[in-house]
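Colleague: Predicted model and sequence below, questions to follow.
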Amino acid sequence: MVSERLTPMPVSMPAQLPGAVITRFAPSPTGFLHIGGARTALFNWLYARGRGGKFLLRIEDTDRARSTPEATAAILSGLTWLGLDWDGEAISQFERAPRHAEVANQMLAKGAAYKCFASQDQIEAFREAARAEGRSTLYHSPWRDADPASHPDAPFVIRLKAPQTGETVIDDAVQGRVIFRNDQLDDMVCLRSDGTPTYMLAVVVDDHDMGVTHIIRGDDHLNNAARQSQIYHSMGWPVPQFAHIPLIHGEDGKKLSKRHGALGVEDYQRMGYPAAAIRNYLARLGWSHGDDEFFNDAQATEWFDLGEIGRAPSRLDLKKLDHLTALHFSVMDDAAVLHELQAYLAATGADPLSAPQSEAILRAMPQLKDKARNFGQILERGHFVLTSRPILPDEKAAKALDSVSRSILNELTPQLQNVSWNRERLEAIVGEIAAGHGLGLGKIAPALRAALAGRTVSPSVFDMMLVLGRDETLARLAEAGAGG
RNA sequence: GGCCCGUUCGUCUAUCGGUUAGGACACCAGGUUUUCAACCUGGUAAGAGGGGUUCGACUCCCCUACGGGCUGCCA
C-alpha cells in the first residue's frame, strides 16, 4: 500500500474512477473559519459524501504576509468541530509552488503563454491614464507577440496568451450559462517576476492535480472562473463543474463583516449551538429540499444537490437557528449532548464538569435539554444538580421564600417522608397541601423551586424531586423551611 | 467607468406559464400553564418598478432602480 501521508502529491493527473466526485474546500489561512466559508465547506462535504466521493482540503497559503499557522489551525479545528471531515491530509498550496512554476513553463513552451517584461510601474501608469480618460483599464502587453530575440535580460512575468475574440462560457451548476466576451478579459499574470505563482494559476493547477471534479465556492469567484477556464483550456485539461453559491449576508442585507457580530464558527460554538444544528441551519440557508426544514446529516447528504441552490444571497437569522437547535436537542441522545456540553465548556473557558457532576447532569438531561436553545440554557437549568447544600437562593428566588411559603414547606416535608417516590404521588401530595391552603400549584411551586434549585429557572419541581431523590429533596426542603 | 450575478411575506424558502402564491422562523391575538420555555387555536404579511411575448405570467425577454461581486505581479 502506498503511503499517501508521506509522499508528496503526485504531480500528474491522478487516475480517477469514472464518475467519481471530488470536491474541495480551499480557504486562505488569514483568520478564523468564517461562517460563510463553513457553509461553502458544508456544501462541498454534502455533495461528496452524498455521492461516495471525496472531500479534500487545501490551504491557500501563498500569501505569505497574511497567512499564519494559527489561522490554519483555527480553520482545521473549526471544520472538525462542525463535523466536516476531509479525506487525506490538508494540502498546502504554498508548498506546491515548484509545480505551479513547472506548469507555467509548460504553457510557455507550448506557446500558450508569454514572457512580459513590462514593469509594474509602467502598467500602473497605463491604468491610471486609462481611468482618467474613462477608457478600459484592461492591459494589453506589447510583449504578447514580441520576437523572443528582442527579449531583454530583465525580470519578467509569465502571462497567459488568452484568446482575444470569441467568448468564454461557464456552465455553472447554480448560475446557469454565463458568457464572458474574451475582449473583456486580459492576459492574466500566471507566474510573478519572482517566480511564484498567482492565485489564478495555483488554483487551477492544484484543482487539476487533486482531481477535483466539482468546484463549489462563493460567487465572488464567478468572474475568476472565466479566467481559470482559459488556463484549463490552454493546458488541454478538462474543466471541472463549477457551482458558484451566493454569499451569506448580515441581518441588514449587507455583506457580512465585523459589525454584524459573530463571524467565525467558533463564535457560534461559544454561543452554545450544537454542531448538528449549525449544519442543518447552514444547509438550509441558500438551499432547499421542498419544505423540509429539520433534517439530519443522512437526509441532507441524500437530498443535497447543486440544482436546488438559490442564486440570491441569504441573511443570517439566529432565531431560526435557535428553533432548529431545540429540535436537534430533542433528537440527540443524552450522552452526546453531555459530550458536546463539555466541549462547549472548554470553548468558553469554563471549568469542565467533574465526573459526579457529569453523572448528575446526565440523569437530569431529558429535562435539561427539552426545548433548550443552547448549551447555556442547559447549564442554567442544570444548576440544581451542580450545586450542593446549603442552597443559597439568588435574589429573585429568595423572594419566593417568605415566611408563609416556609411554613407550607415545613408542612409538606414530613408528608414526603414515606410516600412512593414517583411523579403521580408527589403531584398528589403537593396538590393536597396547596388545596388545603386554598392555593393553586402556581402559588407554592415557586417556593419549592427556590428551595430545590435556589433559582427561579429550573426544570419542573417534580422532575427535580425525582432527579434529586428523596433524601436530598427532603434535606433541601427542610433547610429552606428552617429559614436558611 | 467596464464586465458579471442577484431581487417571492420582516427572515429562510416552495412554485419550475394556469395555485385563493404554500411551508417554516419571527411577530400579533386568544387559550393552557409550577419558572424559562413549550404547547393549542387563530391572525397579519410577499412576487422591486416599467415595458413586452402569450389565451394566460412570480415563472420567458428587454429597460430602469436597488443590492452584491470582479476589474492586482491579493486570495
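Modeller: That came in fine, so what should we check first? Numbering: from 1, shown residues only, chains lettered A, B, ... in the order given.

Colleague: Can you check which helix is longest in chain A?
Modeller: When chain A is parsed with DSSP state H, its longest helix is helix A:461-481.

Colleague: Any chance you could list what contacts that one?
Modeller: A:360, A:363-364, A:367, A:384-385, A:389-391, A:393, A:401, A:406-407, A:409-410, A:412-413, A:416-417, A:421-423, A:426-427, A:430, A:445, A:447-453, A:458-459 (Cβ atoms under 8 Å, 6 or more residues apart in numbering). All C-beta spots, glycine's among them, are computed from the backbone N, C-alpha and C.

Colleague: got it, and stretch A:32-44?
Modeller: A:23-25, A:27, A:55, A:71, A:74-75, A:78-79, A:82, A:84, A:214, A:216-218, A:243, A:245, A:247-248, A:256, A:262-268, A:278-279, A:282-283, A:285-287, A:304, A:309, A:316.

Colleague: Throw together a ChimeraX command that grabs the buried residues out of the contacts of helix A:461-481.
Modeller: Command for ChimeraX that selects the buried part of those, burial taken from 16 or more other Cβ atoms under 10 Å:
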select /A:360,363,364,367,384,385,391,393,401,406,409,412,413,416,426,430,445,447,448,449,450,451,452,453,458,459
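
Colleague: Strands - which of the contacts of helix A:461-481 land there?
Modeller: Among the contacts of helix A:461-481, DSSP state E puts none in strands.

Colleague: Please enumerate the strands of chain A.
Modeller: Using DSSP E, strands in chain A cover A:22-25, A:54-59, A:91-92, A:113-116, A:157-160, A:167-172, A:176-181, A:189-191, A:214-218, A:241-245, A:248-249, A:314-315.

Colleague: For the third one, what does the pLDDT average out to?
Modeller: Along strand A:91-92, the predicted confidence averages to a pLDDT of 95.

Colleague: same thing with the last one?
Modeller: Predicted confidence along strand A:314-315 averages 92 (mean pLDDT).

Colleague: touching RNA strand B at all, it?
Modeller: Yes: for a cut-off given as Cβ under 7 Å from any atom of the strand, strand A:314-315 has contacts with RNA strand B, namely A:314-315.

Colleague: Parallel or antiparallel, list what pairs with that strand.
Modeller: Here strand A:314-315 has these sheet partners by DSSP bridges: strand A:248-249 (parallel).

Colleague: Now find how far off-centre the partner strand is within its chain.
Modeller: Relative to its chain's centre, strand A:248-249 lies at 13 Å (Cα atoms, centre = their mean, to the nearest Å).

Colleague: Any idea how many residues pack against A:Ala435?
Modeller: By other Cβ atoms under 10 Å, the residues close to A:Ala435 number 11.

Colleague: Kindly apply the preceding question to A:Lys255 instead.
Modeller: Neighbours of A:Lys255 using other Cβ under 10 Å come to 13.

Colleague: which residues does the closest residue in space to A:Leu56 that isn't next to it in sequence contact?
Modeller: The spatial neighbour of A:Leu56 that comes closest, neighbours along the chain excluded (Cβ to Cβ, 6 or more residues apart in numbering), is A:Arg24 at 4.2 Å. Contacts for A:Arg24 (Cβ under 8 Å, 6+ apart) come out as A:44, A:55-58, A:207, A:210, A:212, A:215.

Colleague: Show me what the mean pLDDT comes to for stretch A:183-197.
Modeller: The model assigns stretch A:183-197 a mean pLDDT of 94.

Colleague: no wait, stretch A:42-58
Modeller: Here the average pLDDT along stretch A:42-58 is 97.

Colleague: Could you report the neighbour count for the closest residue to A:His260 other than its chain neighbours?
Modeller: Sequence neighbours aside, A:Gly250 is the residue nearest to A:His260 in space, at 3.7 Å (criterion: Cβ to Cβ, 6+ apart). Each residue near A:Gly250 was counted by other Cβ under 10 Å, and the total is 15.

Colleague: pretty sure A:Gly250 contacts A:Asp317?
Modeller: No: with contact taken as Cβ atoms under 8 Å, A:Gly250 and A:Asp317 are classed as non-touching, separated by 10.5 Å.

Colleague: Up against RNA strand B, what does the stretch 201-350 of chain A have?
Modeller: A:219-224, A:246-247, A:249, A:253-255, A:284-288, A:290-291, A:293, A:308, A:310-315, A:317, A:319-320, A:322-323, A:326.

Colleague: Pull out the buried residues from those.
Modeller: With burial judged by 16+ other Cβ under 10 Å, the buried subset of those is A:219, A:222, A:224, A:246-247, A:249, A:284-287, A:313-314, A:322-323, A:326.

Colleague: picking up where we left off before, what is the mean pLDDT for the longest helix of chain A?
Modeller: 92.

Colleague: got it, and stretch A:383-391?
Modeller: 90.

Colleague: Centre of the chain to it, how far?
Modeller: 36 Å.

Colleague: Any idea how far apart the tips of that stretch sit?
Modeller: 11 Å (Cα to Cα, to the nearest Å).

Colleague: do stretch A:113-120 as well
Modeller: 18 Å.

Colleague: Need the contact partners of that stretch.
Modeller: A:104, A:107-108, A:139, A:141-146, A:148, A:151-152, A:154-161, A:187, A:189-190, A:234.

Colleague: Could you confirm whether that stretch reaches RNA strand B?
Modeller: Yes: Stretch A:113-120 lies within reach of RNA strand B by Cβ under 7 Å from any atom of the strand, at A:118-120.

Colleague: Take those residues and keep only those in helices.
Modeller: A:Gln120.

Colleague: Return the set of buried residues in the longest helix of chain A.
Modeller: A:461-468, A:472-477, A:479-481.

Colleague: Repeat that for stretch A:165-179.
Modeller: Applying 16+ other Cβ under 10 Å to stretch A:165-179 flags A:168, A:170, A:172-175, A:178 as buried.

Colleague: Quick one: end-to-end distance for it.
Modeller: Note: stretch A:165-179 ends 13 Å apart using Cα to Cα.

Colleague: before we move on, what about stretch A:79-90?
Modeller: 12 Å.

Colleague: contacts for it?
Modeller: With Cβ under 8 Å, 6+ apart, stretch A:79-90 has contacts from A:4-5, A:25, A:33, A:38, A:41-42, A:45, A:54-59, A:72, A:76, A:265-266, A:269, A:275-276, A:278-279, A:297, A:343.

Colleague: go again using 7 Å as the cut-off
Modeller: The contact list for stretch A:79-90 (Cβ atoms under 7 Å, 6 or more residues apart in numbering) reads A:4-5, A:33, A:38, A:41-42, A:45, A:54-59, A:76, A:265, A:269, A:275, A:278-279.

Colleague: One more: stretch A:270-284?
Modeller: By Cβ under 7 Å, 6+ apart, stretch A:270-284 touches A:38-39, A:42, A:46, A:81-83, A:262, A:268, A:293-295, A:297, A:300, A:320-321, A:324-325, A:328-329, A:332, A:340, A:344, A:347-348, A:374-376.

Colleague: Which members of those residues occur in helices, if any?
Modeller: A:38-39, A:42, A:46, A:81-82, A:268, A:297, A:300, A:320-321, A:324-325, A:328-329, A:340, A:344, A:347, A:375-376.

Colleague: and those, which are buried?
Modeller: A:38-39, A:42, A:46, A:81-82, A:268, A:297, A:300, A:321, A:324-325, A:328-329, A:340, A:344, A:347, A:375.

Colleague: if I look at the residue nearest to A:Asn182 when sequence neighbours are not counted, how far off is A:Phe180?
Modeller: Among residues not flanking A:Asn182 along the chain, A:Pro163 sits closest, at 4.8 Å (Cβ to Cβ, 6+ apart). A:Pro163 sits 11 Å away from A:Phe180, going by Cβ to Cβ, to the nearest Å.

Colleague: Lovely, talk soon.
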